[in-house]
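Visitor: Make a model of this:
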Amino acid sequence: MDLGIRNRVAIVAAASQGLGKAAALGLAKEGARLAICSRNKETLAAAAHEIRDTGAEVLEQAVDVTDAVQVRSFVAATIARFGQVDICVTNAGGPPSKTFEQTTTDDWQAAVQLNFMSTLFFAQEVLPRMKEQRWGRLITVTSVSVKQPLDGLILSNSVRAAVSGLVKSLANEYGPHNVLVNNVCPGFTATARLTNIAKKNAEAEGIPQSQVEERWTNQIPLRRLGQPAEFADLVVFLASERASYITGASIAVDGGFVKGLY
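Guide: Modelled structure (predicted):
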C-alpha cells in the first residue's frame, strides 16, 4: 500500500528514544523527511544516525519542548531546511509516578508544562502553516490513561486528558482546511520509561519487578507488552493519505487493555 507520505516533511518531538524514536523511524522508512528533537544531544545524535541509515534526510536539534521560544526556533529551522512542514508528532516524557497526596503544586505546574503546553506550542507553530497549504497532520502522543486512569499516575491521568480535549477542539476547527488532528494512546509498551515505572512500583511494594510486569500483562487480553514499532505503525498510518477521513480521534494501541467501549 502506498501511504502517500514520500517526501512529506515530518516533525517528531522527543525522538531520541522510545516511542518518539520508533515513530520517526517508521515515517523515515515510508520516505518522509524528518526533523527530530530531544533535550539530550548525545542520544539525539545517535537516533539521527540510525534514522539516516534508512536513507532519510534528517534535521536534528536539541530542544526543550516546554520552552515556547525553542519550539518556535525548531519549527522555523525545519521550514528553512525543507521548505514546509506536513506532519507533526508531539511527544514528551511522562510526568513522575505519584499519588495525589504525594504531588505538590510545583509537580502539577511542571506536568502541565511538559505534557499540555508542549503540545500547544507545536500546534501554534504548525497549524497555521498546514491550514495555508491545505494539508496537514497533527498527531499527539498521550496514554491509555486518557481512557482509563492508571493507579499512581495522577499527573498523567489528568494532564493528558486535557490534551485529548485540545485535539478534539482543533480537529473541529481545522477540519475544513484538510488538516487532521488525532491522538494516539499507547498502553503498556516495552520502553525504558515503563521499565522505570515497574522498578519504582516494585520498590514501593517490596516485590520483584517481574511481578509488577506480570500484573500488567495479566490485564492485557494479548497477554504481553506492546512493542514501540507497533505503536509507530498507527502513527505512520494517521500521518498518511490513507487516513484521510480520520480526525478528532483518540486511538488506543494497548492490546485490548482499556475495558471501556470507546
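
Visitor: Just the element for Ala161, please.
Guide: In the assignment (DSSP states H and E), Ala161 maps to helix 154-174.

Visitor: no wait, Gly94
Guide: Using DSSP H and E, no helix or strand contains Gly94.

Visitor: Quick one: residues contacting it.
Guide: Applying C-beta atoms under 8 Å, 6 or more residues apart in numbering to Gly94 gives the contacts Asn115, Ser143, Leu153, Ser156, Arg193. For every residue, glycine as well, the C-beta is placed using N, CA and C.

Visitor: While we're on it, how confident is the model there?
Guide: pLDDT, Gly94: 87.

Visitor: ok, and what's touching the helix holding Ala161?
Guide: Residues external to helix 154-174 that are found in contact with it (C-beta under 8 Å, 6+ apart): 94-96, 98-100, 103, 107-108, 111-112, 114-116, 119-120, 123, 127, 130-131, 136, 138, 140, 142-143, 145-146, 149-150, 180-183, 247-248, 250.

Visitor: And the nearest residue to Arg242 once chain neighbours are set aside, its phi and psi?
Guide: Nearest residue to Arg242, sequence neighbours excluded (C-beta to C-beta, 6 or more residues apart in numbering): Leu3, at 5.7 Å. When quoted as degrees, to the nearest 10, the phi and psi of Leu3 stand at phi -80, psi -10.

Visitor: Over to Ala190?
Guide: phi -70, psi 80.

Visitor: Count the residues that sit near it.
Guide: For Ala190, the neighbour count with other C-beta atoms under 10 Å is 14.

Visitor: Also Ile197?
Guide: Neighbour number of Ile197 under other C-beta under 10 Å is 21.

Visitor: Am I right that Phe122 sits in a strand?
Guide: No - Phe122 sits outside any strand when classified using DSSP: H, G, I helix; E, B strand; the rest coil, being helix.

Visitor: which ones are touching the nearest residue to it once chain neighbours are set aside?
Guide: Leaving aside its sequence neighbours, Phe122 sits nearest to Thr90 (C-beta to C-beta, 6+ apart; 4.8 Å). Residues near Thr90 by C-beta under 8 Å, 6+ apart: Ala13, Val65, Ser118, Thr119, Phe122, Ala123, Leu138, Ile139, Thr140, Val141.

Visitor: what's the neighbour count on Thr140?
Guide: Neighbours of Thr140 (other C-beta under 10 Å): 28.

Visitor: Double-check it against Val184; I have them as touching.
Guide: Yes - Thr140 lies in contact with Val184 (C-beta atoms under 8 Å); the separation is 7.2 Å.

Visitor: bridging residues for the residue nearest to Phe122?
Guide: Thr140 (DSSP bridges).

Visitor: counting contacts, what elements does the helix or strand containing Asn183 pack onto?
Guide: Element membership for Asn183, per DSSP H and E: strand 179-186. Applying 3 or more C-beta pairs under 8 Å, 6 or more residues apart in numbering; DSSP states H and E, we find strand 179-186 packed against helix 118-133, strand 136-141, helix 154-174, helix 228-238, strand 250-253.

Visitor: quick one: which of those is nearest Ala202?
Guide: With C-beta to C-beta as the criterion, Ala202 lies closest to helix 154-174 of the helices and strands packed on strand 179-186, at 18.8 Å.

Visitor: Contacts only, for the closest residue to Gly4 other than its chain neighbours.
Guide: The shortest distance from Gly4 to any non-neighbouring residue, by C-beta to C-beta, 6+ apart, is to Glu241 (3.1 Å). Residues near Glu241 by C-beta under 8 Å, 6+ apart: Leu3, Gly4, Ile5.

Visitor: Checking Ala35 next. Helix, strand or coil?
Guide: Applying three-state DSSP: Ala35 is strand.

Visitor: lowest average confidence, helix or strand, in the protein?
Guide: Least confident helix or strand of the chain, by mean pLDDT, DSSP states H and E, is helix 192-205 with a mean of 85.
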